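1. sequence first, predicted coordinates after that:
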Amino acid sequence: MASSPIHPASLVDPASHSPALLELIEISLGRNLIEHIVDTVTETVDYALGRPSSSARGRSLSRHTEHSKFLKFVSDVIYKAEVKVPALLVTLVYINRAKPHIQIALEQWANERVFLGALILANKAHLAYPFPAVLE
């Protein structure tokens, strides 16, 4: 019986994945991905708080400082916890799907709470259901 190759991110044969998905999984962890995560979280929190989305150009000095601190926080968490790209992609999915449902009562640390909550869920889902190779 010949064994088929198993992709380390999904634990199934890579032939069963679409090429677009494999391309996504191979994204490198870098500043662009981290900035995208930060922007996604910031837009979600702005939406939940009922304030207009803050683009990089229209940001006030205080909002720019907040953004820089949050960017450093996210970078530190990702690198110190050695978070892998697939977990970050699932984190982005959770944030996007939760956006219309999130209610934030306290603005303090809202970005950090949304990011960490989604990241914890993404890792928990991966550990609880690691997509076994036997799906018959």
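-> Noted; the coordinates are in hand.
2. what ranges does this structure have for its helices?
-> Secondary structure of the chain (DSSP state H): helices located at 19-25, 31-49, 61-80, 85-98, 110-128.
3. turn those helices into TSV, including mean neighbour count, distance to I104 and mean pLDDT.
-> (Glycine included, C-beta is placed from N, CA and C.) Formatted as TSV, those follow (neighbours: other Cβ atoms under 10 Å; distance: least, Cβ to Cβ, whole Å; pLDDT from 0 to 100):
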stretch	mean neighbour count	distance to I104	mean pLDDT
helix 19-25	12	29	72
helix 31-49	17	4	93
helix 61-80	14	15	87
helix 85-98	17	11	90
helix 110-128	17	5	88
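4. go through those helices and name the closest to D13.
-> Minimum separation from D13 across these (Cβ to Cβ) falls at helix 19-25, 11.5 Å.
5. re the thing from before, need the helices of the chain in TSV (columns: distance to D13).
-> Converted to TSV, those look like this (distance: least, Cβ to Cβ, whole Å):
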stretch	distance to D13
helix 19-25	11
helix 31-49	26
helix 61-80	29
helix 85-98	16
helix 110-128	19
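6. nearest to P5, out of the ones you listed?
-> Per Cβ to Cβ, nearest to P5 of the helices of the chain: helix 19-25, 12.2 Å.
7. that closest one: how far from the chain's middle?
-> In terms of Cα atoms, centre = their mean, to the nearest Å, the centre of helix 19-25 is found 16 Å from the chain centre.
8. now swap in stretch 78-94 and tell me
-> On Cα atoms, centre = their mean, the centre of stretch 78-94 falls 5 Å from that of its chain.
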